[in-house]
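Student: Fold the following.
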Amino acid sequence: MSATLDPNFLEALALVPAHAWDRWFGGERIAQSAAPASTRVLVTTFPFPPARGHAALCLFETSLGPTETLLQQAALRRWAGPAPVGARVLYESVDGDGAVLWSLASAWADEGLRDWLREALSAGASIRSDDWEWVAAPERSTSGRSMTGASRQLADRQHDVVLLGDSAVAIAYRRLTRGASAELELLRHLERVPGVRVAPVLFGSAIIRSPSGERTASAILEDIDPDAATVASVLVHRLRRSLEGDPSLQAVALDDVRAVGVATRELHAALGRPFDRGVIAGAIPADIGDVEVWVARAWSTLSAASLAYRHGEHQRTALLDALDVLPGKLQQFGAAAERSPGLIHRIHGNLRLHNVLMSPPRSLCVVEFDGDPALPDRERVMPQSPWRDVARMLVSIAESAAMAAVDAGGDEKALEIAWLWEREARKACLEGYGTGGGALHALLAIFELEFASRLLHDGTRGSTTATVVAAHTLERLSRSIV
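Tutor: From the prediction side, this is the model:
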């Protein structure tokens, strides 16, 4: 399939204000007022019969500094009037009476683009412009596969999602990092491990080649239930309803969290198995050097967050006291972890409740294996402690509890009930994972400290919920005894 350029569409894209792009990509790492060091943009438009008009595939390569580069991808269409239901609106032009003249919105909601994607998956497609190339690459034959169906957005995900029929999904990433294609690599491994039911099957990929020759891949997955929702959205909904008068849902939410712990254990068991010439190495013992790296990273993150918080306008005495105590606590955690550093292997890297989908009644699917975007590319795909995934999940549970309390009114009583539930949810998750829920694991504490410090730093840039979660977690860690 060849690309065709539409000057009118390109002109419309050029009129989009910079802050609208920032809202579309939802990036916290690119502030609206920050001018990136350099940006390269590919906007290639293509027809998608039988629908009239054009859509655009937009790639933005942004250099934030000498060592950090982000690649962002979107599929857009300029609609006459309001965009259809299911489209993510980027920009609207209105007249003096407030009527929408035209919209720039997600093209994934368009049936014609779904037809185009189906053809791309079955035959492979290439769009080229200015030395950029976007290629749809099927992993296996698509002959005889039904690809009819409607577009659907899964709530609270970081990517736009299009379901093709009952079993296939195309994921259009809005933020990609350079380096190895961790998503594709792990999925190819997991789909070959017998008995693993927590990961979807890789159906194809969108390979992006930049003018410099670098490649980045978006996974195209199948075996995702169209009725699935993120566990984060499920928990927030259940907890909000429990805070509004149905306390029985707290126990149901605990069962959900316990199931997530079991799924995490199954995932780590599969990732700990070697596969195919060491592409994914098996589990090996960690050593003191690994622990030192983990402690140093937590120390650096804590120091930056503490400095930012102390220079902020609103400060809590309890959190300031915790920040004074935590450097010494981190040394204690590190000393205890050195005596039993455990195993390391490839892990999910960014395991949160937003990255686990749940289908009724309680079938789980772990997705988005591209690793921790805060880490350098090489470190992102290296063997890590599985406790890193567990710690991120526990912090994610605290985030869901806080979000539910805020949605239910945000008063002190709602937060108190939410934190009581979170304490029990931590135990349930760890029980599902197969470890004692009452004991503090030193490695777990190191990684929780790192992630909570990141949240605190984010909170200093205006996220109230992030500050609440960070304060709750850091104050708890400051009271912990290893």
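Student: Tell me which residues are up against stretch 239-252.
Tutor: 238, 253, 400-401, 404-405, 407-409, 414, 417-418, 421 (CB atoms under 8 Å, 6 or more residues apart in numbering). Any C-beta I mention is one placed from the backbone N, CA and C, and that applies to glycine too.
Student: What average pLDDT does stretch 339-346 get?
Tutor: Stretch 339-346 carries an average pLDDT of 93.
Student: Over to stretch 458-466?
Tutor: Across stretch 458-466, the average pLDDT comes to 84.
Student: buried sites along stretch 374-388?
Tutor: Residues A374, L375, D377, R380, V381, M382, P383, Q384, S385, P386, W387, R388 are the ones in stretch 374-388 that count as buried (16 or more other CB atoms under 10 Å).
Student: again with stretch 323-334
Tutor: Quick answer for stretch 323-334 (16+ other CB under 10 Å): L323, L326, K329, L330, F333, G334.
Student: Same list (the residues you listed) but as CSV, adding pLDDT and secondary structure.
Tutor: As requested, the buried residues of stretch 323-334 are exported to CSV (pLDDT from 0 to 100; DSSP: H, G, I helix; E, B strand; the rest coil):
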residue, pLDDT, secondary structure
L323, 97, helix
L326, 98, helix
K329, 96, helix
L330, 97, helix
F333, 95, helix
G334, 95, helix
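Student: how about the closest residue to M393 other than its chain neighbours, what does it touch?
Tutor: Spatially, and ignoring its direct neighbours in sequence, M393 is nearest to L351 (5.5 Å; CB to CB, 6 or more residues apart in numbering). Contact analysis of L351 by CB under 8 Å, 6+ apart lists T264, L267, V366, D389, V390, R392, M393, S396.
Student: Max pairwise distance over those: which two?
Tutor: Across these, the two members that end up farthest from each other (CB to CB) are L267 and S396, 14.8 Å apart.
Student: Mind telling me what element the residue nearest to M393 is part of?
Tutor: Element membership of L351, judged by DSSP states H and E, is empty: it is in no helix or strand.
Student: Dihedrals phi and psi, G261?
Tutor: Torsion angles at G261 (phi, psi; degrees, to the nearest 10) stand at phi -60, psi -40.
Student: Tell me the bridge partners for the residue nearest to R188 when sequence neighbours are not counted.
Tutor: Leaving out its chain neighbours, the residue that sits closest to R188 by CB to CB, 6+ apart is L202, at 6.0 Å. The partner list for L202 in beta bridges (DSSP bridges) reads L221.
Student: Please report how far L249 lies from R241.
Tutor: In this view, L249 and R241 are 5 Å apart by CB to CB, to the nearest Å.
Student: can you check R273 too?
Tutor: Distance from R273 to R241, by CB to CB: 40 Å.
Student: Compare these two and say which is more crowded by neighbours.
Tutor: Neighbour tally, R273 and R241, criterion other CB atoms under 10 Å: the higher count belongs to R241, 19 against 16.
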